[in-house]
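Peer 1: Here's a sequence, model it:
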Amino acid sequence: MTGIHFGNLLIVVALAFLVPLALGFAPGVRLPAVVLEIVAGIVVGPSVLGWVEVDGPVGVLAVIGLAFLLFLAGLEIDVRELRGRPLRLAALGFGLSFAIAVAAGLGLHAVGLAGSSLFVAIVLTATSLGIVVPVLKDAGEIASPFGQLVVAAGSIADFGAIILLSLLFSREGGGIGSQAILLGGFVLVAGAIGLALAGAERLSALSGVLLRLQDTTAQIRVRGAFLLLVMFAFVAERLGLETILGAFMAGALLTLLDRDRGMTHPRFREKLEAAGFGIFIPVFFVVSGVRFDLDALTSSAGALARVPVFLLALLAVRGLPALLYRNDLGNERTAVAALLQATSLPFIVAATQIGMEIGTIDATTGSALVGAGILSVLLFPLGALTILRGGSAGVDSQPVA
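Peer 2: Numbers count the residues shown, from 1 in each chain. Reported below is the predicted structural model:
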């Protein structure tokens with residue numbers, strides 16, 4: 001243990017505990033916990049108080065937190081439900097969204113607000129399923145055709161954004177052709193692993209052992225899920241792809257394999273969410289705040305003005321394609337879908353860190369994008385719920401994870 005210190009980690013996990021606790025004492029505050037976690041990280045980080053720096057223990061847990069966040073996002077995607085008209089509308093919407101994003105990126109680059117127009121375009125195309133799904137559940141709309149269409153659109157947007165980021169802006173570099181080949185190889189490996197796991201679970205002896213050990217101290221299904229997460233992240237890394245792609249694919253694959261979860265292991269998802277949102281993911285968001293370059297954002301009025309510009313770009317990129325749903329949903333619910341689709345933060349945080357590491361964007365642009373993401377989480381879900389509930393909206397007293 002020589003050379004390893006836990007002082008920084010202590011402050012980080014203390015904030016991860018205190019933020020939702022404080023929100024619990026103030027049920028009238030309609031604020032997602034993730035926003036306050038990032039703000040708390042900014043306050044204790046180098047930009048303000050300087051109490052915390054990202055050392056070894058903090059950095060490792062933050063990386064695991066990011067992987068777990070994308071893993072749980074992948075779990076939200078039920079590929080079996082992505083079919084028919086909702087799939088066609090969601091896919092068409094994402095294509096239109098990416099076209100608008102490219103135009104917005106080019107415009108932002110032309111006026112000097114974005115270094116790489118294509119990178120910013122990709123950042124603007126994602127939707128935070130981890131925030132949208134709880135909002136739909138709170139409104140009782142998750143199982144409705146409207147809710148399923150929004151989830152389908154968010155699923156395709158998340159998947160498409162991660163694929164595009166891995167294909168065009170991997171840390172390992174390389175041309176698009178070589179990255180496409182590596183991505184194809186990764187899909188083949190993932191498919192082979194999935195087929196092997198599906199075949200293994202059909203073995204009655206193995207299935208019986210898994211059932212017997214799943215709620216004991218072995219917690220065998222949770223350990224298996226974590227093994228799958230790390231395995232896919234490792235394979236993606238070895239192939240020169242982004243590890244967030246591996247984590248996301250691991251979650252999506254587990255959703256395909258876990259077909260009888262309501263019968264034989266109904267608490268499995270709850271345990272994974274408890275491990276992710278209870279331990280690792282809050283560390284990632286607090287550390288994201290610690291790394292947030294507030295000085296770069298507030299260095300000039302022009303830098304600070306990027307935040308509302310990026311927020312409007314986010315609303316245009318993800319909100320305008322919702323007009324495709326108007327014949328199916330009507331004007332009111334189309335507006336709700338537009339606001340929910342434009343809600344994005346975790347992918348923005350992850351992508352901007354990658355962009356700054358590879359030099360695609362500078363700290364000012366990265367901070368402004370994260371700031372826009374924070375505002376989208378603060379404003380758009382509340383506006384969507386207000387419309388759904390006829391002006392008397394409010395989220396559940398529990399803070400949104």
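
Peer 1: Where does pLDDT dip in the stretch 251-400 of the chain?
Peer 2: Residue ranges of the stretch 251-400 of the chain with pLDDT under 70: 259-265, 391-400.

Peer 1: switch to 50 and redo it
Peer 2: The model of the stretch 251-400 of the chain has pLDDT under 50 over residues 262-263, 391-400.

Peer 1: what's the residue positioned nearest the centre of the chain in contact with, if anything?
Peer 2: The chain has residue 346 as the residue nearest its centroid, 4.0 Å off, counting by Cα atoms, centre = their mean. Going by Cβ atoms under 8 Å, 6 or more residues apart in numbering, residue 346 touches 34, 69-70, 73, 128, 130. C-beta: built from backbone N, CA, C; applies to glycine.

Peer 1: if I look at it, how far off is residue 352?
Peer 2: Distance of residue 346 to residue 352, given as Cβ to Cβ, to the nearest Å: 11 Å.

Peer 1: In PDB, list the C-alpha atoms belonging to stretch 297-304.
Peer 2: Taking Å, rounded to 0.1, in the frame of the first residue of the first chain, the C-alpha atoms of stretch 297-304 are listed here in PDB:
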ATOM      1  CA  LEU A 297     -14.900  28.600 -19.500                       C
ATOM      2  CA  THR A 298     -14.900  31.900 -17.600                       C
ATOM      3  CA  SER A 299     -11.800  33.400 -19.100                       C
ATOM      4  CA  SER A 300     -13.800  35.600 -21.400                       C
ATOM      5  CA  ALA A 301     -17.400  36.500 -22.200                       C
ATOM      6  CA  GLY A 302     -17.000  34.800 -25.600                       C
ATOM      7  CA  ALA A 303     -16.100  31.500 -23.900                       C
ATOM      8  CA  LEU A 304     -19.000  31.700 -21.500                       C
END
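
Peer 1: Please compute how far that stretch lies from its chain's middle.
Peer 2: In terms of Cα atoms, centre = their mean, to the nearest Å, the centre of stretch 297-304 is found 27 Å from the chain centre.

Peer 1: If you count neighbours, what's buried in it?
Peer 2: For stretch 297-304, the neighbour count (16 or more other Cβ atoms under 10 Å) marks 297, 303 as buried.

Peer 1: do stretch 94-110 as well
Peer 2: Buried, per 16+ other Cβ under 10 Å, within stretch 94-110: 94, 96-98, 100-102, 104-105, 108-109.

Peer 1: For whatever helix or strand residue 338 lives in, name the packing helices and strands.
Peer 2: Using DSSP states H and E, residue 338 falls within helix 326-341. Helices and strands touching helix 326-341, as assessed by 3 or more Cβ pairs under 8 Å, 6 or more residues apart in numbering; DSSP states H and E, comprise helix 84-110, helix 129-138, helix 145-168, helix 301-319, helix 363-388.

Peer 1: could I get the ones you listed as JSON lines with distance to residue 234?
Peer 2: Shown next, in JSON lines, are these (distance: least, Cβ to Cβ, whole Å):
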{"stretch": "helix 84-110", "distance to residue 234": "29"}
{"stretch": "helix 129-138", "distance to residue 234": "23"}
{"stretch": "helix 145-168", "distance to residue 234": "15"}
{"stretch": "helix 301-319", "distance to residue 234": "32"}
{"stretch": "helix 363-388", "distance to residue 234": "27"}
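
Peer 1: Quick one: closest of the ones you listed to residue 267.
Peer 2: Evaluated over these, closeness to residue 267 peaks at helix 129-138, with 17.7 Å, by Cβ to Cβ.

Peer 1: And the buried ones among the contacts of residue 346, selectable in PyMOL?
Peer 2: Applying 16+ other Cβ under 10 Å to the contacts of residue 346, the buried members can be selected in PyMOL as follows:
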select buried, resi 34+69+70+73+128+130
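
Peer 1: before we move on, back to that, closest one of the buried residues of stretch 94-110 to residue 232?
Peer 2: When the buried residues of stretch 94-110 are compared against residue 232 (criterion: Cβ to Cβ), the nearest one is residue 94, at 23.1 Å.

Peer 1: OK, contacts around that closest one?
Peer 2: Residue 94 neighbours (Cβ under 8 Å, 6+ apart): 125, 153, 156-157, 160, 321.

Peer 1: Of those residues, which is the most crowded?
Peer 2: residue 153 (30 neighbours; other Cβ atoms under 10 Å).

Peer 1: thinking again about what came up before, show me what secondary structure element comes after the helix holding residue 338.
Peer 2: Remark: after helix 326-341, the chain's next helix or strand is helix 346-357, criterion DSSP H and E.

Peer 1: Off-centre distance for that next one?
Peer 2: 11 Å.

Peer 1: show me what contacts residue 336?
Peer 2: 146, 384, 387-388.

Peer 1: at 6 Å what do you get?
Peer 2: Contacts for residue 336 (Cβ atoms under 6 Å, 6 or more residues apart in numbering) come out as 384, 387-388.

Peer 1: filter these to the buried ones?
Peer 2: Looks like these have 384, 388 buried, using 16+ other Cβ under 10 Å.

Peer 1: List the buried residues for the host helix or strand of residue 245?
Peer 2: Using DSSP H and E, residue 245 sits within helix 243-257. Buried residues in helix 243-257, counted by 16+ other Cβ under 10 Å: 243-255.

Peer 1: Switch the residues you listed over to a markdown table; also include distance to residue 182.
Peer 2: A markdown table is the format used below for these (distance: Cβ to Cβ, whole Å):
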| residue | distance to residue 182 |
| --- | --- |
| 243 | 13 |
| 244 | 15 |
| 245 | 10 |
| 246 | 12 |
| 247 | 17 |
| 248 | 16 |
| 249 | 13 |
| 250 | 17 |
| 251 | 20 |
| 252 | 19 |
| 253 | 18 |
| 254 | 23 |
| 255 | 24 |
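
Peer 1: Packing partners of the one helix or strand residue 271 maps to?
Peer 2: Under the criterion of DSSP H and E, residue 271 resides in helix 268-275. If you count contacts as 3 or more Cβ pairs under 6 Å, 6 or more residues apart in numbering; DSSP states H and E, helix 268-275 packs onto helix 220-238.

Peer 1: What count of nearby residues applies to the closest residue in space to residue 149 that isn't next to it in sequence?
Peer 2: Closest residue to residue 149 apart from its sequence neighbours, by Cβ to Cβ, 6 or more residues apart in numbering: residue 86 at 4.8 Å. If you count neighbours by other Cβ under 10 Å, residue 86 ends up with 21.
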